[in-house]
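Novice: one predicted model, sequence on top.
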Amino acid sequence: MVRNILLAAILLITMVIAVAFAALNPGLITVDLAFSAFEVQKSLAFVTAFGAGMAFGMLCALLLLMRLLNDRRKLRRSLKLAESEVQSLRSIPQQDA
């Protein structure tokens, strides 16, 4: 409950900041992509750059998470193998030398 309220408050604050940024920067800028050039509002360019950076960061985090999950799967498999080996060694009767 508290988490949902906190997330809603953060979202509301972010939206207010975005609206204030758009109101304070009403001009247009030219974006040149080497094969095309077009004019967009400053706020839209800022939000697009922010969103692209956030998406890239999430992609990097996802790749790290996938690597960690793969390592975890390998470790679980080796743990099961080691446990089964210990069980088989315990079931073998000891021979006196």
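Specialist: Arrived safely.
Novice: any regions of the protein where pLDDT drops low?
Specialist: 96-97 (pLDDT under 70).
Novice: to the chain's geometric centre, what's the distance from the longest helix anywhere in it?
Specialist: The longest helix of the chain (DSSP state H) is helix 42-91. On the basis of Cα atoms, centre = their mean, to the nearest Å, helix 42-91 sits 10 Å off its chain's mean C-alpha point.
Novice: and that helix, what does it pack against?
Specialist: If contacts are counted by 3 or more Cβ pairs under 8 Å, 6 or more residues apart in numbering; DSSP states H and E, helix 42-91 sits against helix 2-24, strand 28-32. Using the backbone N, CA and C atoms, a C-beta is placed for each residue, glycine as well.
Novice: for the ones you listed, give me CSV that also has distance to Arg72 and mean neighbour count.
Specialist: Below are these laid out as CSV (distance: least, Cβ to Cβ, whole Å; neighbours: other Cβ atoms under 10 Å):
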stretch, distance to Arg72, mean neighbour count
helix 2-24, 26, 10
strand 28-32, 43, 11
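Novice: would you turn the ones you listed into JSON lines with distance to Phe56?
Specialist: Below are the helices and strands packed on helix 42-91 laid out as JSON lines (distance: least, Cβ to Cβ, whole Å):
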{"stretch": "helix 2-24", "distance to Phe56": "19"}
{"stretch": "strand 28-32", "distance to Phe56": "18"}
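Novice: Val40: which of these is closest?
Specialist: In this view, those are compared for proximity to Val40 by Cβ to Cβ, and strand 28-32 is the closest at 5.8 Å.
Novice: what's across from Leu28 in the sheet?
Specialist: Following DSSP bridges, Leu28 is listed with bridge partners Gln41.
Novice: correct me, but it touches Lys42?
Specialist: Yes - between Leu28 and Lys42 there is a contact under Cβ atoms under 8 Å: 7.3 Å.
Novice: spatially central residue for this protein, please.
Specialist: For the chain, Met58 is the residue whose C-alpha lies nearest the centre (Cα atoms, centre = their mean; 3.2 Å).
Novice: gap between that residue and Ala18?
Specialist: Between Met58 and Ala18 the computed distance is 19 Å (Cβ to Cβ, to the nearest Å).
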